[in-house]
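Student: got a predicted model here, sequence first, then my questions.
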Amino acid sequence: MKTLWAPWRIEYILSEKPDGCIFCVPPERENDRERLILHRTPFSFVMLNRYPYTNGHLMVVPFRHTSEMTDLSDDEMLDLFTTVRLCRDVLEKTASPQGFNIGINLGRAAGAGVDEHIHIHIVPRWNGDTNYMTVLGDIRVMPENLSSTYEKLLTGFPTPQ
Ligand SMILES: [Zn+2]
């Protein structure tokens with residue numbers, strides 16, 4: 001995989017990291033918008049990355065706090081990857097990307113920002129996207145777009161029961 005040049009992520013690298021695990025979320029949905037959670041399934045949830053590589057960078061996360069794939073049950077694995085596919089479909093429908101990077105960084109040495117709670121990245125890609133972002137490259141561009149990106153993507157997910 002080609003390395004993405006994403007200078008605006010310096011904000012993440014330099015930011016103070018919260019105590020506790022950002023991927024351990026309470027069962028109540030009331031703060032989902034503030035947490036950038038777009039969708040919940042029985043075993044996992046979808047969160048918009050606050051420090052995205054590209055606009056619409058999503059993460060699928062199991063509710064269970066674990067760093068190991070081997071800790072996940074077959075039901076959890078199936079749920080995770082069904083949710084990855086849902087994310088791909090929602091992004092396709094709402095943002096028309098030309099490609100996707102979908103992957104897991106296991107361990108800090110592999111580039112995991114949060115290495116104690118496994119999560120799958122779904123990064124929509126457009127031809128020339130990083131060049132475009134670099135040219136327009138103010139690091140505040142992406143965070144300002146977060147709430148409009150959230151609202152737009154939310155329309156693509158099934159409404160919670
Ligand atoms: Zn956790």
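Tutor: Thanks, I have it. Numbers count the residues shown, from 1 in each chain.
Student: right, is stretch 109-122 up against the ion?
Tutor: Yes: on the criterion C-beta under 5 Å from the ion, stretch 109-122 is in touch with the ion at H117. C-beta here means a position set from N, CA and C on the backbone, and glycine is covered the same way.
Student: tell me which residues of the longest helix anywhere in the chain come out buried.
Tutor: In the chain, taking DSSP state H as the definition, the longest helix is helix 74-95. Applying a neighbour-count criterion of 16 or more other C-beta atoms under 10 Å, one finds E76, D79, L80, T83, V84, L86, C87, R88, V90, L91, T94, A95 buried in helix 74-95.
Student: in TSV, list those along with distance to the ion.
Tutor: Formatted as TSV, these follow (distance: C-beta to the ion, whole Å):
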residue	distance to the ion
E76	14
D79	17
L80	14
T83	17
V84	19
L86	22
C87	20
R88	24
V90	24
L91	24
T94	28
A95	28
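Student: my read: R88 touches I102, true?
Tutor: Yes: using C-beta atoms under 8 Å, R88 is in contact with I102, at 7.3 Å.
Student: list residues touching both of those two?
Tutor: By C-beta atoms under 8 Å, 6 or more residues apart in numbering, R88 and I102 have these common neighbours: I122.
Student: which stretches of the protein form helices?
Tutor: For the chain, the helices defined by DSSP H cover 10-14, 32-35, 74-95, 129-135, 141-154.
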